[in-house]
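1. could you look at this predicted model? Sequence included:
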Amino acid sequence: MANILTLIDKQRAIGNKVIFRFKVVLSGSYAQGGAIGVPGETLSFNTALNPNYIARPKLPGAPAGKLPANADFLLRNLPAGFDGRVEQNATLPTQANYALRLFSSGGTEISTGAYSSVGATLVDATGITIEVTVPARYN
């Protein structure tokens, strides 16, 4: 089962920027990446669900502009004891293959396996939110 990414909100931010908020429901299992930009979970912002019909929901990317950097993403509402980050894919970065990597509270990437065995509280983690800040001119 693949993860489900849903665009839930878009708002203007200071400095002629826009913040997109996505909700992610994790897939059934995790594949340890072991390196920056190696999934984890692969996130496709190009195919995110858009039930609220938010205008221009896609992230910038080539050739129109550069992809959002790793620092442009913020994760919220991860279950207690876990941390995570969204990173550009290490080999061929596009809006359709960002890497979501998950870590234990000690900073170690969680191991490969079903979430029920490697991070049981992640199984029902339905409120994980990803915020990404992009330049408004790409919207």
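-> Arrived safely, thanks for sending.

2. what's the first helix or strand after the helix or strand of the chain with the lowest mean pLDDT?
-> One helix or strand of the chain scores below all others by mean pLDDT, DSSP states H and E: helix 120-123, with a mean of 76. Going down the chain from helix 120-123, the next helix or strand is strand 128-135, by DSSP states H and E.

3. quick one: residues in contact with that following strand.
-> Strand 128-135 has contacts (CB atoms under 8 Å, 6 or more residues apart in numbering) with 5, 8, 13, 16-26, 43, 45, 59-60, 65, 68, 72-78, 84, 86, 100. Yep, even glycine has a C-beta here, placed from its N, CA and C like the rest.

4. would you mind listing the buried residues in that strand?
-> 128, 130-134 (16 or more other CB atoms under 10 Å).

5. please, where are all the helices along this protein?
-> For the chain, applying DSSP state H gives helices covering 115-118, 120-123.

6. what ranges does the protein have for its strands?
-> With strands called from DSSP state E, the chain shows them at 4-13, 17-25, 29-30, 41-43, 73-76, 82-87, 98-104, 113-114, 128-135.
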